[in-house]
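[1] Have a look; sequence and predicted model below, questions after that.
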Amino acid sequence: MSEKTNKTEITGSITYRRPSLVIFHLRSAIFFAREAAGIEASRVDDSGDLEVNLFSAASVNSSVAFLEATINELLANCHEDYGFGFLYKLSNEDRRSLAVLWSLLEEGSRRVPLLEKFSFTLQLLARKGFDKGGDPWGRTKVLVGLRNYLVHFKPEDEIVESNVDSRPVEERRMEKSVKGRFAFHPGFKGPGVAYRRVLSAGCAIWSVQTSVAFADRFFELLGIPCEYESVRPHLNFSTLRKRASASSLSKIV
């Protein structure tokens, strides 16, 4: 008994479009910071304190996600020779070198920290690197650490009260790393729940400013325009400054 096979001939064309999340994450970070600033500035009681924490945490996460997308998309697009206009500001040799770097990063068994990906990129192309003893590298390292605290959380006890001289109330390492960089949440001035003190409107705004400053410096060192340049007018901080309380902005460094 013979078998009959039906064959269908496919005609037409397939169009692919590669999404980019660089601008999406940056705009998300701006949006969350704006919401945190608005709520904190109009604070009359503790009813909106949790929302400030939530929006601030979201801004921290989106700010770092913006940096992740920035370097990963740059390297992956060089590897696959995907044609974004700004990418072709790099020479053919530079793009081939970054294609190799992406292959090594993807195939390697060892995870490479986010900021080192930026550093390796500049080093491979014989560009001047970041000053790792100053900013924006130092600020961004703190930002990534804060994101990691939130995303890869490892619980630990906090001393909230002590009458023993040798065991004073402690600051968490996370809290120490950001102290003095922005104003903490005005609703949590006492000991305990360190993350709720840290996740303020000032923290959200600082996170956005820090990530943009780092990305700007990277593209300056790389010598090409950034992918998000066309929307920079929409990513200014004037709206945040108008809505945030003076205390939230006065201490941002």
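    Nice, I can see it.

[2] Skip the chain neighbours and tell me the closest residue to V64.
    Nearest residue to V64, sequence neighbours excluded (CB to CB, 6 or more residues apart in numbering): R147, at 4.2 Å. C-beta here means a position set from N, CA and C on the backbone, and glycine is covered the same way.

[3] give me the number of residues near the one you found?
    22 (other CB atoms under 10 Å).

[4] Please list the residues outside whichever strand or helix holds it that contact it.
    Per DSSP states H and E, R147 falls inside helix 137-151. Residues from elsewhere that reach helix 137-151, judged by CB atoms under 8 Å, 6 or more residues apart in numbering: 57, 60-61, 63-64, 67, 113-115, 130-132, 174, 177-178, 181, 195, 198, 203, 206-207, 210-211, 213-214.

[5] Same question for stretch 81-98.
    Residues outside stretch 81-98 that contact it (CB under 8 Å, 6+ apart) are 18, 20, 74-79, 99, 121, 124-125, 222-227, 229.

[6] Relative to N61, how far out is V151?
    7 Å (CB to CB, to the nearest Å).

[7] Between these two, which has more neighbouring residues?
    N61 (19 against 11).

[8] which residue sits closest to the more buried one, ignoring its sequence neighbours?
    Spatial nearest neighbour of N61, chain neighbours left out: R147 (5.9 Å); criterion: CB to CB, 6+ apart.

[9] In the stretch 151-253 of the chain, mark out all the helices, start to finish.
    173-178, 194-198, 201-222, 238-243, 246-250 (DSSP state H, counting those that start in this stretch).

[10] With distance to R139, mean pLDDT and mean neighbour count added, can I get those in a markdown table?
    As requested, the helices of the stretch 151-253 of the chain are arranged in a markdown table below (distance: least, CB to CB, whole Å; pLDDT from 0 to 100; neighbours: other CB atoms under 10 Å):
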| stretch | distance to R139 | mean pLDDT | mean neighbour count |
| --- | --- | --- | --- |
| helix 173-178 | 10 | 84 | 16 |
| helix 194-198 | 15 | 88 | 22 |
| helix 201-222 | 5 | 95 | 24 |
| helix 238-243 | 17 | 56 | 14 |
| helix 246-250 | 16 | 51 | 16 |
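
[11] And those: which comes nearest T11?
    Evaluated with CB to CB, the helices of the stretch 151-253 of the chain place helix 201-222 nearest to T11, the distance being 43.3 Å.

[12] Buried among the contacts of stretch 81-98? Need that as a selection in ChimeraX.
    For anyone working in ChimeraX, the buried entries among the contacts of stretch 81-98, judged by 16 or more other CB atoms under 10 Å, can be selected with:
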select :74,75,76,77,78,79,99,121,125,222,224,226,227
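
[13] Where in this protein is the helix or strand with the lowest mean pLDDT?
    Within the chain, judged by mean pLDDT, DSSP states H and E, the helix or strand with the poorest mean is helix 246-250; its value is a mean of 51.

[14] For the protein, give me the ranges with low pLDDT.
    Low-confidence segments of the chain, defined by pLDDT under 70, are located at 1-10, 16, 83-85, 108-109, 158-172, 190-192, 234-253.

[15] To which secondary structure element is R34 assigned?
    Applying DSSP H and E, one finds R34 within helix 22-41.

[16] how about that helix: buried residues?
    Buried positions in helix 22-41, judged by neighbour count with 16+ other CB under 10 Å: 22-23, 25-30, 32-41.

[17] Report the inter-axis angle for it versus helix 201-222.
    Our comparison of helix 22-41 with helix 201-222, counting by axes from the mean of the first three to the mean of the last three CA atoms, to 10 degrees, yields an angle of 150 degrees.

[18] elements contacting the very next helix or strand once past helix 22-41?
    Using DSSP H and E, the helix or strand that follows helix 22-41 towards the C-terminus is helix 49-79. Judged by 3 or more CB pairs under 8 Å, 6 or more residues apart in numbering; DSSP states H and E, helix 49-79 is in contact with helix 22-41, helix 92-107, helix 114-124, helix 137-151, helix 194-198, helix 201-222.
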